[in-house]
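What would the 3D arrangement of this be:
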Amino acid sequence: MSEVKNKGKLAKEASYLLTGVTTEEKNNALLLIADKVLENKATILEANKKDLENGKKEELSEAVIDRILLDEQRLNDMAEGIKALTELHDPIGDVLEEVDQANGLKIEKVRVPLGVVSMIYEARPNVTLDAATLCLKTGNAVVLRGSSAATHSNIAIVQAIHEALEKSALPVDAVQLIEDTSRETAQELFQLNEYLDVLIPRGSEKLIETVVAEATVPVIATGAGNCHIYVDESADQDQAQEIILNAKLQRPGVCNAVETVLFHEEWFDEYGSDVLERLLNFDVELFADEKAREFFPEADEATEEDWYKEYLDLALSVKVVSDCQEAIEHINKYGTHHSDAIITEDETNAQLFLQNVDSTSVYHNASTRFTDGSEFGYGAEIGISTQKLHARGPMGLNALTSSKFIIKGNGQIRE
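Okay, the predicted model is just below:
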């Protein structure tokens with residue numbers, strides 16, 4: 001039996017055992033994992049050092065290197081995130097609907113685990129820990145398949161998780177890692193309907209498109225982040241600059257970083273060059289339309305491809321528009337329905353934007369960088385879904401549940 005099938009089978013068997021564990025037992029297991037991650041800190045960081053060295057040899061971009069990087073502070077934050085997860089409400093068993101029928105049947109719709117969740121993702125070893133702990137909190141088993149860029153880190157983190165689970169009431173086999181990162185194992189995972197209940201890709205647009213196109217396992221697509229900021233005519237100059245700089249520079253390699261800024265023409269005439277100059281000072285490569293380049297010729301000419309592009313790097317597209325409606329139309333055409341913001345003091349335009357931009361998260365006078373499970377109060381996130389079925393936006397605990405009906409009777413038969 002292949003590694004993929006064997007670990008899928010083990011996870012499926014563990015998922016049945018998880019249905020009987022209590023919230024207290026799950027929380028105790030999570031606390032053990034948090035402690036073990038800190039206890040194994042040196043081992044995890046040494047493994048991560050190997051991944052970073054390999055990444056630099058392969059000349060990965062600085063943004064990708066940042067996604068791979070683990071340091072002592074990040075590990076401490078990850079452990080604190082797990083502890084915070086134990087404080088969140090366990091949704092399993094929640095009654096969503098209750099109906100008392102005239103014939104005496106009592107019908108309840110209750111939350112249950114999805115079963116076996118599989119994650120296929122790139123670069124970020126923090127996803128290994130986030131996915132495992134979120135799944136365990138909701139009574140799901142998980143099959144993880146990271147990329148070669150973080151393979152040593154992922155193995156070290158899962159080893160810590162297994163050591164913790166051995167001391168808990170939860171089955172160790174509830175967390176599985178596919179260590180073979182070849183394309184063949186990915187394709188085998190796509191077809192593992194016998195053991196997987198859902199597959200969640202997290203990474204580049206190419207990865208997500210491949211999974212959606214080739215998987216027979218049901219997929220929750222976490223979308224790429226071609227995020228926009230529209231600076232309206234009435235936007236406060238200082239506020240607009242700080243929001244744009246934060247959204248582009250804080251972590252340029254993540255999915256909620258801004259990739260396109262749209263400026264109202266009158267605002268741009270007065271303040272636009274100052275904003276773009278500041279971005280250039282931070283080594284941001286600018287791709288601008290004809291109107292913007294009239295005032296700021298230092299920018300490269302934007303192509304049609306640039307409007308669709310998720311750079312995940314120190315690069316930004318810039319366009320000048322005539323009004324809020326043109327900005328909305330541009331975003332809905334070229335965006336990925338992830339996170340988009342308007343900066344304005346005009347409440348009418350703000351409401352027009354918030355209502356008509358078709359994205360998971362829309363902002364008024366705030367950075368797109370807040371689209372994140374922890375920032376939304378979910379503890380962590382399994383990903384950010386840009387589709388509309390089952391889940392949309394940052395996926396926390398509730399998104400990792402399904403439901404079933406429990407019907408209680410006293411001898412009723414249907415005539």
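
Poorly predicted segments of the stretch 251-400 of the chain, please.
Scanning the stretch 251-400 of the chain for pLDDT under 70 picks out no residues.

Just the terminal-to-terminal distance for stretch 63-82.
In terms of CA to CA, to the nearest Å, the two terminal residues of stretch 63-82 are separated by 25 Å.

which parts of that stretch are buried?
Buried residues in stretch 63-82, counted by 16 or more other CB atoms under 10 Å: 63, 64, 65, 67, 68, 69, 70, 75, 78, 79, 81, 82. The way it works is simple: take the backbone N, C-alpha and C, and place the C-beta from them, glycine included.

Can you convert these into JSON lines and add a column each for pLDDT?
JSON lines is the format used below for these (pLDDT from 0 to 100):
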{"residue": "63", "pLDDT": "79"}
{"residue": "64", "pLDDT": "86"}
{"residue": "65", "pLDDT": "92"}
{"residue": "67", "pLDDT": "89"}
{"residue": "68", "pLDDT": "95"}
{"residue": "69", "pLDDT": "95"}
{"residue": "70", "pLDDT": "96"}
{"residue": "75", "pLDDT": "96"}
{"residue": "78", "pLDDT": "93"}
{"residue": "79", "pLDDT": "95"}
{"residue": "81", "pLDDT": "90"}
{"residue": "82", "pLDDT": "93"}
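
All the strands of the stretch 51-200 of the chain, in order from the start?
Here the stretch 51-200 of the chain has its strands, by DSSP state E, counting those that start in this stretch, at 95-100, 106-113, 116-121, 141-145, 175-177, 198-202.

Of the ones you listed, which is nearest residue 293?
Ranking the strands of the stretch 51-200 of the chain by proximity to residue 293 (CB to CB) places strand 198-202 first, at 35.7 Å.

hang on, the earlier thing: which of the buried residues of stretch 63-82 sits closest to residue 155?
residue 70 (13.0 Å).

would TSV of the strands of the stretch 51-200 of the chain with distance to residue 15, mean pLDDT and mean neighbour count be doable?
Listed next are the strands of the stretch 51-200 of the chain as TSV, based on distance: least, CB to CB, whole Å; pLDDT from 0 to 100; neighbours: other CB atoms under 10 Å:
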stretch	distance to residue 15	mean pLDDT	mean neighbour count
strand 95-100	21	97	10
strand 106-113	7	97	16
strand 116-121	5	97	27
strand 141-145	4	98	27
strand 175-177	11	98	26
strand 198-202	12	94	24
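
re earlier: relative to residue 42, which of the buried residues of stretch 63-82 is nearest.
Once CB to CB is applied, the member of the buried residues of stretch 63-82 that ends up nearest residue 42 is residue 75, at 10.2 Å.

what's the helix or strand for residue 340?
strand 339-343 (DSSP states H and E).

about what we covered before: any chance of JSON lines for the buried residues of stretch 63-82, columns distance to residue 383?
Shown next, in JSON lines, are the buried residues of stretch 63-82 (distance: CB to CB, whole Å):
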{"residue": "63", "distance to residue 383": "18"}
{"residue": "64", "distance to residue 383": "18"}
{"residue": "65", "distance to residue 383": "21"}
{"residue": "67", "distance to residue 383": "14"}
{"residue": "68", "distance to residue 383": "18"}
{"residue": "69", "distance to residue 383": "20"}
{"residue": "70", "distance to residue 383": "19"}
{"residue": "75", "distance to residue 383": "21"}
{"residue": "78", "distance to residue 383": "16"}
{"residue": "79", "distance to residue 383": "21"}
{"residue": "81", "distance to residue 383": "15"}
{"residue": "82", "distance to residue 383": "17"}
